[in-house]
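[1] model this:
(chains A and B)
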Amino acid sequence: MSSDQSLTGCLDAPVLKERGQHEVFCGLTSIIWLHRKMQDAFFLVVGSRTCAHLLQSAAGVMVFAEPRFGTAILEETDLAGMADAQQELERTVEELLSRRTDIRRLFLVGSCPSEVIKLDLATAAEKLSEQYFPKVNVINYSGSGIETTFTQGEDACLEAVIRGLETSNEQQLVILGALPDIVHDQMLRLLEQLGLTNVFVLPQVRVEDEVSVGSNTHFICAQPFLGASFEEMVRRGAKPIYAPFPFGASGTTAWLKAICDIFRVSKETFEAVTDAPRRRAEIAIEKVSKILTDRSVFFFPDSQLEIPLARFLNQECGMKLIEVGSPYIHKQLVGPDLQLLPEGITISEGQDVDKQLDRVFDRMPDLVVCGLGLANPLEAKGLTTKWAIELVFSPIHFYEQAADLASLFARPINRSEKLKIGKVA
Amino acid sequence: MKLSVWTYEGPPHVGAIRVATGMEKVHLVLHAPQGDTYADLLFTMIERRNHRPPVTYTTFQARDLGSDTASLFKKACIEAYERFKPELLLVGASCTAELIQDDPGGLAETLGLPVPVVALELPSYQRKENFGADETFFQIVKTLSRPLERTSEITCNLIGPTALGFRHRDDVLEMTKLLNSMGITVNVCAPYGATPKDIELISQAHFNVLMYPETGEMACRYLERTYSQPFTKTVPIGVGAISDFVKEVSEIVEINTSDANTYSQLPWYSASVDSTYLTSKRVFIFGDGTHAMTAARIARDEIGFEVVGLGCFNREMARPMRKFAATFGLDALVSDDYLEVEKHIQAIAPELILGTQMERHIGKRLGIPCAVISAPVHVQDFPARYSPQMGPEGANVIFDTWVHPLVMGLEEHLLTMFREDFEFHDEAGPSHHAAHSPEKKNQPQVDEADEVSSENKIIWLTDAEKELKKIPFFVRGKARKNTEKYAENNGFSEISIETLYEAKAHYAR
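    Alright, predicted model coming up:
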């Protein structure tokens, strides 16, 4: 089920770069899954009421009575003098840590307002780390909208974590990216069956899960949005492994293969471990993806997952790509996927939302993958949409989730076909 | 700096967006960084709007800060005007743009756009969402209204409903019906559904109905000051308030109100035998000032609950709220700190919470039933069916909504009889809420009463502890507490069955 493609695919295709209104989340949003993944961490956003409101609205997450994230809301008095704000921050952290004695890692997360007033969170983190040593490690990064888009918040967080890792010359494999638990465990099981030892995952679930880095470390990203973390790993001497991302049957196979090539896993072992789940995934995808074949899809920029997912939909589900938008294209990371995209499609980076909507209405794709702000307005205009944010939260990686991934895209089309009552909003 | 976990209100620019989105042919250009566009999803997802809010965000980034965010803003204004052709342009800044001081109002003025431009001052570091809506609508009215003759027939304006308001869509319809039954037609409803041209005609109505003081009071005061247009002070939520409202209107416009259709089922439903189980149930009420105060009156006078706690999250309403709570013999809780509200609820252990979605979560955690009476809104607060809060149908909706979370009439008695029955035990919760039952046993840590007793160091003897378990769960917390208080006051260090029943007799009401 593959489409026409040349050897380089879209690797060197021109990219439509746009700079208008960006209809995207800021990096703070990634706290919503990071705080579930890092179970002894608290994320303290130093920002405004807007930041707090975003965090509780973005994913409708008002389910945790006292979540492990919060906002130190800047007030008029904090904006008056800088020395004041530093003291205020220390007081707020003290208040927080005295109430939450279970916290071992505290992230001070910069926001648009804290960046604009140049609140020095790095110094604050250093000072607080000394003060609360060894109980609490205080780390800072910025999730501000002026610097980060949505998933780049996880990237910035992870980059800060990597900066603080011990150096070691241990032979090891490090995997970058927070994954849902079920996927995380499946991945480790596969790698273990392939005979790999010394496998570590960042971010660590708990601070005791020590991970180090050095020149004998090989690393691979499980998520495509980790550009800064990638560079930080390289700076620390680690060696990157390049591969398409592990979505679908062939994506997962290629990703595992790239690791196995580096660690010299035999062809026999590789096939023995991957053949069965790969075939299982292929059969499952085929069942689910009938409804997707030959339909067209248009991606709005959202999480940087767009290019690898477009590769999956095109190569493994037979969908036609119209436009693949990404907030930022890190060619080193998504190059292997870009290479597999068919020529003649539009690859766009950044956004001018009104113009992009014009392009959607011009082409009327069968499926539009977009953010929550755009989905219902597009549905009301007769288009079929898939919320992009669900792709970030759901278990979609590796073999056993390949059909689930396809069905996330199939369901909206399926629904459009089932409903016989029109849709007048 | 204030540590916040959940917030009851968004920033003031979200209030401005609620006004702009509620209106038609209005566009807002907001100087704001990338990411602030999350506000769109409040409207498209929670309220299920079929269009994007009419807002252009400049979405500046770090690299723009060094260069020229002001030209970025001007460009956004021009493009937004060209694309959307609004009849009125609003311009403002979100919290970050406020810091870079580009002066959106001044910049927009230099563009010479052919439509009125309203520059909004939205102090993000001092005020909140409701203020933002109130201020934005006031500025629009101030800019567009002009003196006009009153209409020949009796008309009024409906003031205050916005996009993303708690049941505003249905309240508008219900109020229109109520006023029509009194022979009064609606001149303009605003912001909800109004165009700038409608606002120009606002002064021809005989009076204003202030539906939501939170979002419409500044405009009403301005209209009263400028055009001698009186406005109503009663918010007609609940049977008593509806009757007061009708009376107030009849005094303003001197009409006979005998035709007013105010019939609601609530009085009979409250009086019917089944409802004796509601009598004196202890309720805690919290929300925005308007909804909390109207709810308290219904709770006490129209259902017969005992109001044991009352408060609001919006400081603008602190004064009237405190005064009103005093008439219930209560100190009002005025706070936007979710944790403080939770502590308060835990301390008074009510049998029912009437609150916001936040209190619904608190209730879930503490095992206390809750009905939602106020914003902040959730997708559940936009039901497909007609469900106003105001007017006679609103009173019907309120009766049903508040009673629904409770264990009902006879079922409560059966629970008391068979409280140790292996299937029909009280921890299973109300039988019409299947989904509630499995949660309880997994959350022993939320039994706040246990914490209380360990703090007080009073020992419950095994028999007394067993006896306590036989008391239905919805009053058990209170019984435990009262007994401990009684024991403490009498200097007992142990609680026996005897102590339990002595305390019961002592606190009998």
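
[2] What parts of the stretch 201-350 of chain B come near chain A?
    B:Leu339, B:Glu342 (CB under 8 Å from any CB of the partner chain). In this view, the C-beta of every residue, glycine as well, is placed from N, C-alpha and C.

[3] ok, which stretches of the stretch 201-350 of chain B are helices?
    B:213-227, B:239-253, B:266-271, B:289-297, B:318-326, B:338-348 (DSSP state H, counting those that start in this stretch).

[4] and those helices, which is most packed in?
    Mean neighbours per residue, mean count of other CB atoms under 10 Å in any protein chain shown, is largest over the helices of the stretch 201-350 of chain B for helix B:289-297, with a mean of 25.

[5] which helices and strands sit right next to that helix?
    Judged by 3 or more CB pairs under 8 Å, 6 or more residues apart in numbering or on different chains; DSSP states H and E, helix B:289-297 is in contact with helix B:213-227, helix B:239-253, strand B:282-287, strand B:306-312, helix B:318-326.

[6] Format those as TSV; extra columns: distance to A:Leu383 and mean pLDDT.
    Converted to TSV, these look like this (distance: least, CB to CB, whole Å; pLDDT from 0 to 100):
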stretch	distance to A:Leu383	mean pLDDT
helix B:213-227	33	98
helix B:239-253	44	97
strand B:282-287	38	97
strand B:306-312	42	98
helix B:318-326	46	98
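
[7] Ok, which of these comes nearest B:His378?
    Of all those, strand B:282-287 sits nearest to B:His378, with 13.1 Å by CB to CB.

[8] Would you give the sheet partners of that closest one, along with the direction of each?
    strand B:306-312 (parallel), strand B:352-355 (parallel) (DSSP bridges).

[9] In CSV, list the C-alpha atoms belonging to the helix or strand just after the last one.
    Read it as strand B:352-355. Going down the chain from strand B:352-355, the next helix or strand is helix B:357-366, by DSSP states H and E. C-alpha atoms of helix B:357-366 as CSV (Å, rounded to 0.1, in the frame of the first residue of the first chain):
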residue,chain,number,x,y,z
GLN,B,357,-17.7,22.8,38.5
MET,B,358,-14.9,23.3,41.0
GLU,B,359,-17.1,22.4,43.9
ARG,B,360,-18.5,19.5,42.0
HIS,B,361,-15.0,18.1,42.0
ILE,B,362,-14.6,18.9,45.7
GLY,B,363,-17.9,17.1,46.3
LYS,B,364,-16.8,14.1,44.3
ARG,B,365,-13.7,13.8,46.4
LEU,B,366,-15.5,14.2,49.7
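
[10] Any part of helix B:357-366 near chain A?
    Yes. Using CB under 8 Å from any CB, helix B:357-366 reaches chain A at B:Gln357, B:Met358, B:His361, B:Ile362, B:Arg365.

[11] Does anything pack onto the following helix or strand past that helix? Which helices or strands?
    Where DSSP H and E defines the elements, the next helix or strand beyond helix B:357-366 is strand B:370-372. Under the contact criterion of 3+ CB pairs under 8 Å, 6+ apart, strand B:370-372 touches strand B:352-355, helix B:357-366, helix B:391-403.

[12] just these: most buried one?
    Of these, the one with the most neighbours on average (mean count of other CB under 10 Å) is strand B:352-355, at a mean of 27.

[13] for A:Val136, phi and psi?
    Backbone torsions for A:Val136, taken as degrees, to the nearest 10, come to phi -120, psi 130.

[14] What is the burial count for the closest residue in space to it that isn't next to it in sequence?
    Of all residues not flanking A:Val136 in the chain, A:Leu106 sits nearest, at 5.5 Å (CB to CB, 6 or more residues apart in numbering or on different chains). Neighbours of A:Leu106 under the rule other CB atoms under 10 Å in any protein chain shown: 25.

[15] Tell me how far A:Leu106 lies from A:Phe43.
    8 Å (CB to CB, to the nearest Å).

[16] same check, this time on A:Ser250
    36 Å.

[17] More neighbours: which of the two?
    Neighbour count, other CB under 10 Å: between A:Ser250 and A:Phe43, A:Phe43 has more, with 26 against 23.

[18] Is it correct that the more buried one falls within a helix?
    No. Going by DSSP: H, G, I helix; E, B strand; the rest coil, the assignment for A:Phe43 is strand, not a helix.

[19] pLDDT weak spots in the stretch 151-300 of chain A?
    Residues of the stretch 151-300 of chain A meeting the criterion pLDDT under 70: none.

[20] just the strands in it please.
    Shown for the stretch 151-300 of chain A, the strands assigned by DSSP state E, counting those that start in this stretch span residues A:166-167, A:172-176, A:199-202, A:212-213, A:217-221, A:239-240, A:296-299.

[21] closest to chain B out of the ones you listed?
    The closest of these to chain B is strand A:296-299. By CB to the nearest CB, the value is 16.8 Å.

[22] Send over that closest one as CSV, restricted to the C-alpha atoms.
    Taking C-alpha atoms only, strand A:296-299 is exported to CSV below (Å, rounded to 0.1, in the frame of the first residue of the first chain):
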residue,chain,number,x,y,z
SER,A,296,-7.3,13.1,1.3
VAL,A,297,-5.9,14.6,4.5
PHE,A,298,-4.8,18.0,5.5
PHE,A,299,-2.7,18.7,8.6
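
[23] Contacts for the helix or strand just after that strand, please.
    Downstream of strand A:296-299, the next assigned helix or strand under DSSP H and E is helix A:306-315. For helix A:306-315, the surrounding residues in contact (CB atoms under 8 Å, 6 or more residues apart in numbering or on different chains) are A:1-3, A:224, A:244-245, A:247-248, A:250-251, A:292, A:297, A:299, A:319-321, A:324-326, A:329, A:334, A:337-338, A:340-342, A:347, A:369, A:391, A:405-406, A:409.

[24] rewinding a little: weakest of the helices and strands packed on strand B:370-372 in terms of mean pLDDT?
    For the helices and strands packed on strand B:370-372, mean pLDDT drops lowest on helix B:357-366, to a mean of 89.
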